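Visitor: Sequence first, predicted model second:
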Amino acid sequence: MKRLELKNKRFGRLRVLSFSHVNNGGQSCWLCLCDCGNKIVVGNGHLRNGHTKSCGCLSRENTINRSYKHGNAKRSIRTRLYGIWAGIKVRCYNTKSIRYDRYGGRGIMVCDEWKNDFAVFRDWAVANGYKDNLQIERVNNDGNYEPANCQWSDVVTQARNRSNNRYFYFKGEKLLLKDWALKYGISINTLIYRIYKARWPIERALTIQSQ
């Protein structure tokens, strides 16, 4: 019997990479890549009937969500923190993510204890100052997502940190954003907002007077 070709097809969170082998029952088995980054070999039947939709991460996440519904965690922490955790894995392991090139494409990874267990990430976040208005930030921009290299900071602080190592060109001169702020007498927070939030070009950001 001709083997059904499943390469590159998606089943839930799984994308089929290649044929693996035929098991003892005569069923074709396929090597799949889960959206979370793990690889798993799954039988043809379990893929097509929807029995297996992930490497197991979907089941673990559903278990976590069910436990939260009966626990004392605040809803904002359940949903927002979970979204942050899922987002960093997408950036690092999902090649279809529009931000993959800046993260996984540069070799940025998530440490195993966070990658494989949301509860571990949640406990670290709560113990290290997580609040609803903060974003996760890597101290070393070339380092991985791991406890020793991550902290929580607000958007302005993150933008300020980026401005510390990014030069802007204007009228033939190259300066750091904080130096442009001093030269033009503009608040650094105002300049950060214009550049990183409002997406103004440097020319406009420096020449429009605050109201």
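Guide: Yep, that arrived. Numbering: from 1, shown residues only.

Visitor: For the residue lying closest to G105 once chain neighbours are set aside, the count of nearby residues, please.
Guide: Nearest non-adjacent residue to G105, counting by C-beta to C-beta, 6 or more residues apart in numbering: T95, 8.0 Å away. Heads up, the C-betas are built off the backbone N, CA and C, glycines and all. Applying other C-beta atoms under 10 Å, we find 10 residues neighbouring T95.

Visitor: D132 too?
Guide: 9.

Visitor: pretty sure it is touching G83, no?
Guide: No. D132 lies out of contact with G83 (C-beta atoms under 8 Å); the separation is 11.6 Å.

Visitor: what sits against the residue nearest the centre of the chain?
Guide: The centroid of the chain falls nearest to I88 when counting by C-alpha atoms, centre = their mean (1.9 Å). Going by C-beta atoms under 8 Å, 6 or more residues apart in numbering, I88 touches 103, 110, 114, 136, 145.

Visitor: gap between it and D132?
Guide: Between I88 and D132 the distance, using C-beta to C-beta, to the nearest Å, works out to 17 Å.

Visitor: Just the C-alphas of the lengthiest strand in the chain, formatted as CSV.
Guide: Of all the segments of type strand in the chain, defined by DSSP state E, the longest one is strand 14-22. Extracted C-alpha coordinates of strand 14-22, given in CSV (Å, rounded to 0.1, in the frame of the first residue of the first chain):
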residue,chain,number,x,y,z
LEU,A,14,2.4,19.7,15.3
ARG,A,15,4.1,20.2,11.9
VAL,A,16,5.3,17.0,10.2
LEU,A,17,9.0,17.1,9.4
SER,A,18,9.7,13.7,7.9
PHE,A,19,8.8,10.0,7.7
SER,A,20,10.2,8.1,10.7
HIS,A,21,9.4,4.4,10.5
VAL,A,22,6.7,1.7,10.2
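
Visitor: lowest average confidence, helix or strand, in this structure?
Guide: One helix or strand of the chain scores below all others by mean pLDDT, DSSP states H and E: helix 75-76, with a mean of 46.

Visitor: quick revisit: the residue nearest to G105 reaches Y103, doesn't it?
Guide: No. T95 lies out of contact with Y103 (C-beta under 8 Å); the separation is 10.8 Å.

Visitor: ok so, going back, which two in the contacts of I88 are spaced the farthest apart?
Guide: Y103 and W114 (14.1 Å; C-beta to C-beta).

Visitor: and the closest residue to V22 other than its chain neighbours, how many neighbours?
Guide: What sits nearest to V22 in space, not counting adjacent residues and going by C-beta to C-beta, 6+ apart, is S28, at 5.8 Å. Close neighbours of S28, defined as other C-beta under 10 Å, add up to 18.
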